[in-house]
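Trainee: sequence and predicted structure below; questions after.
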Amino acid sequence: MTEVRHVLVLPDRDAAEEIAAELELRLGLPEEPRPLREALAGEDDAEDAQWLIVLDDARSTYDPAMLDALAAEYDGWLERP
């Protein structure tokens with residue numbers, strides 16, 4: 001099985017921190033994922049930087065639909081490969 005990496009893109013730090021806490025509980029993670037701030041391709045202004053939650057899914061068990069729906073609750077999305 002190939003490891004999958006899920007990237008949730010969120011509009012702000014508060015949303016990223018709330019989702020990180022939610023993912024720790026829902027997925028039974030050993031620790032809360034750490035939000036990362038990164039400018040997406042084509043973004044020139046630091047104000048336009050998005051917040052990311054990166055989940056490594058070694059067993060490919062995380063449901064992409066659930067991750068996308070959770071991100072959407074905070075005006076975000078799941079980045080598609």
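Mentor: It's in. Residues are numbered from 1 along each chain as shown.
Trainee: can you list the strands that the worst-scoring helix or strand of the chain on mean pLDDT pairs with?
Mentor: For the chain, the helix or strand with the lowest mean confidence is strand 36-38, at a mean of 90 (criterion: mean pLDDT, DSSP states H and E). Sheet partners assigned to strand 36-38 using DSSP bridges are listed as strand 50-57 (antiparallel).
Trainee: beyond the strand it pairs with, next helix or strand please.
Mentor: helix 64-72 (DSSP states H and E).
Trainee: check what pLDDT the nearest residue to Met66 once chain neighbours are set aside gets.
Mentor: Nearest residue to Met66 in three dimensions, chain neighbours excluded: Arg26, at 7.7 Å (CB to CB, 6 or more residues apart in numbering). All C-beta atoms are positioned from the backbone trio N, CA, C, and that covers glycine. On the pLDDT scale, Arg26 is placed at 94.
Trainee: name the element Arg26 belongs to?
Mentor: Using DSSP H and E, Arg26 falls within helix 13-27.
Trainee: how far does that helix sit from its chain's centre?
Mentor: 9 Å (CA atoms, centre = their mean, to the nearest Å).
Trainee: in that helix, what's buried?
Mentor: Ala15, Ala16, Glu17, Glu18, Ile19, Ala20, Leu23 (16 or more other CB atoms under 10 Å).
Trainee: so who does the nearest residue to Val4 once chain neighbours are set aside touch?
Mentor: Excluding the flanking residues, the one nearest Val4 by CB to CB, 6+ apart is Asp57, at 4.3 Å. Counting by CB atoms under 8 Å, 6 or more residues apart in numbering, Asp57 makes contact with Glu3, Val4, Arg5, His6.
Trainee: please apply the same query to Leu10.
Mentor: Residues near Leu10 by CB under 8 Å, 6+ apart: Ala16, Ile19, Pro35, Gln50, Trp51, Leu52, Ile53, Ala71, Tyr74, Asp75, Gly76.
Trainee: who touches the second one in this structure?
Mentor: Yep, that's Ile19 we're talking about. Residues counted as contacts of Ile19 (CB under 8 Å, 6+ apart) are Leu8, Leu10, Ile53, Leu70, Ala71, Tyr74, Gly76.
Trainee: returning to what we had before: now do the residue nearest to Val4, the pLDDT please.
Mentor: Model confidence at Asp57 (pLDDT) stands at 93.
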